[in-house]
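Asker: Output the structure for:
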Amino acid sequence: MTDDDPATDFGTDPTRGALLKAILPHVPFEGWSDRAFAAAAREAEVTLAEAQAAAPRGALDLAVEWHRQGDRRMLRALHDADPSTLRMRDRIAFALKARMQALPEREALRRSASLFALPSHAALGARLLWETADAIWTALGDSSRDGNWYSKRATLAAVLASVVLYRLSDDSPRLERTNAFIDRRIDGVMAFEKWKAEARDNPMLRPLARPLGWIMGQIRAPGRPADLPGGWRQED
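Answerer: Numbers count the residues shown, from 1 in each chain. As a prediction, the model looks like this:
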């Protein structure tokens with residue numbers, strides 16, 4: 001097995017990884033469904049009880065694992081490429097492109113988008129997008145701890161959602177169209193960030209920008225509980 005094999009990808013429970021590898025060929029036809037989950041259990045040579053112990057929510061847990069596997073592969077690509085010499089705009093674009101390349105199964109992505117669009121799973125889908133945005137900003141060294149911590153991740157999560165939808169219609173061999181779309185979206189975000197910076201120096205907009213900046217400065221990013229083993233305390 002290679003490092004990219006779902007059954008050996010680091011951070012993955014071995015049984016869940018084996019189930020994920022087995023279910024992927026079924027997802028384009030069956031979706032992330034009970035039927036696909038049962039077929040994966042048979043092909044992974046585990047009992048249905050063992051499969052349910054590894055993935056209590058069945059195929060939904062495997063869809064979540066598949067998304068997070070993409071995040072792990074993206075982080076490996078960022079680590080291997082070391083984009084620290086690039087402009088921040090290019091670092092973000094590189095991360096998004098790496099994320100789209102991480103999981104090439106377009107039909108599985110389409111089924112995942114449909115799954116997490118359901119009202120019962122929409123909150124989970126939003127959480128996964130947020131996790132990806134947070135993973136990107138953290139990997140790129142974001143040090144903000146005020147309201148910008150939230151706004152950066154919310155903006156990137158929205159961009160990522162649009163990129164996923166665009167990717168579903170991209171049949172170019174190396175995702176050239178998706179990569180170009182990412183560049184356009186990042187250009188739009190950076191133009192807005194430039195406008196915000198200029199607004200702080202514009203006498204006409206300063207009365208609005210100043211209180212907004214104060215409010216953002218009062219917001220604090222979440223931290224880990226300080227009383228847990230191995231935890232850390234955020235300095236004020």
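
Asker: Can you mark which positions in stretch 168-185 are buried?
Answerer: 170, 175, 178-179, 181-182, 185 (16 or more other C-beta atoms under 10 Å). For every residue, glycine as well, the C-beta is placed using N, CA and C.

Asker: wait, which of the residues you listed is closest to R153?
Answerer: Nearest to R153, judged by C-beta to C-beta, of the buried residues of stretch 168-185 is R185 at 15.4 Å.

Asker: give me the element the closest one is part of.
Answerer: According to DSSP states H and E, R185 maps onto helix 176-201.

Asker: before we move on, the earlier item: mind giving me CSV with the buried residues of stretch 168-185 and columns for pLDDT?
Answerer: What follows is those, written out as CSV (pLDDT from 0 to 100):
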residue, pLDDT
D170, 96
L175, 96
T178, 97
N179, 97
F181, 97
I182, 97
R185, 93
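
Asker: would you list the residues you listed in TSV and tack on distance to F116?
Answerer: Output for the buried residues of stretch 168-185, formatted as TSV (distance: C-beta to C-beta, whole Å):
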residue	distance to F116
D170	19
L175	21
T178	19
N179	23
F181	20
I182	20
R185	20
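
Asker: Any stretches of this structure with poor pLDDT?
Answerer: Across the chain, the ranges flagged by pLDDT under 70 are 1-12, 192-221, 224-236.

Asker: how does it look with 50?
Answerer: 1-3, 6-8, 10, 212, 214, 227-236 (pLDDT under 50).

Asker: give the contact list for A133.
Answerer: Shown in contact with A133 (C-beta atoms under 8 Å, 6 or more residues apart in numbering): 152-154, 156-157, 160.

Asker: measure it to R111 for me?
Answerer: A133 is 22 Å from R111, where distance means C-beta to C-beta, to the nearest Å.

Asker: do R145 as well
Answerer: Counting by C-beta to C-beta, the gap from R145 to R111 is 37 Å.

Asker: Who has more neighbours out of the two?
Answerer: More crowded of R145 and R111, by other C-beta atoms under 10 Å: R111, with 22 against 15.

Asker: what comes up buried for the helix or strand hosting the more buried one?
Answerer: Element membership of R111, judged by DSSP H and E, is helix 106-117. By 16+ other C-beta under 10 Å, the buried positions in helix 106-117 come out as 106, 108-112, 115-116.

Asker: Let me know the closest of these to E30.
Answerer: R111 (8.7 Å).

Asker: residue contacts, the closest residue to S33 other than its chain neighbours?
Answerer: Using C-beta to C-beta, 6 or more residues apart in numbering and skipping residues adjacent in sequence, the residue nearest S33 is A59, 5.7 Å away. By C-beta under 8 Å, 6+ apart, A59 lies in contact with 23, 31-34, 36-37, 40.
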